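# After the sequence you'll find the predicted model.
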Amino acid sequence: MIKAKLFFTKYTNSFSVYIQNLEELSVQQIQELQNFVSVRRGIFDFETYSFVVQKRLEFEEFLALIKNSEIEATCNEKLLEIKTNARIEFGKYKGLFYSEVPDSYLKWLKINYRGKDRETLDIELKSRNL
């Protein structure tokens, strides 16, 4: 059986995981991942092959959770690089750098935000391939 290839990214108040080989996984493996996310009240996004959980977690803690689950996976950590000094000036992530917010929020902003930081938002979206 193929192991899931997971790339963990830690944010200030959440973490996201990109599943590099989602299309190669069996239905059972995908259901195990969905259950892992659901138990933690996260959001699984099939469009971006990723999931987000609104909980602060270190990479080592994530590894322990995966090890204690039935998920067969290789895990890597993706470290954030702050590309801009621009901070969000509104909403639930006010005060954070654009590079620190979860993908799901950036995707929401992509559709709904037309303010002065739109160029910064577009740069961050492009850097994450969203």
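Yep, that arrived.

# in the lowest-mean-pLDDT helix or strand in the chain, what counts as buried?
Using mean pLDDT, DSSP states H and E, helix 118-127 stands out as the lowest-scoring helix or strand of the chain, at a mean of 84. Using 16 or more other Cβ atoms under 10 Å as the test for burial, helix 118-127 gives 120-121, 123-125. For glycine as for every other residue, the C-beta is placed from the backbone atoms N, C-alpha and C.

# how about the one residue sitting closest to the centre of the chain, what does it touch?
Centroid-nearest residue in the chain: residue 16, 2.3 Å away (criterion: Cα atoms, centre = their mean). Residue 16 is in contact with 8-9, 50-53, 102-104, counting by Cβ atoms under 8 Å, 6 or more residues apart in numbering.

# Could you dump those residues into a markdown table with secondary structure and pLDDT added?
Formatted as a markdown table, the contacts of residue 16 follow (DSSP: H, G, I helix; E, B strand; the rest coil; pLDDT from 0 to 100):
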| residue | secondary structure | pLDDT |
| --- | --- | --- |
| 8 | strand | 96 |
| 9 | strand | 92 |
| 50 | strand | 95 |
| 51 | strand | 96 |
| 52 | strand | 94 |
| 53 | strand | 95 |
| 102 | coil | 90 |
| 103 | helix | 89 |
| 104 | helix | 90 |
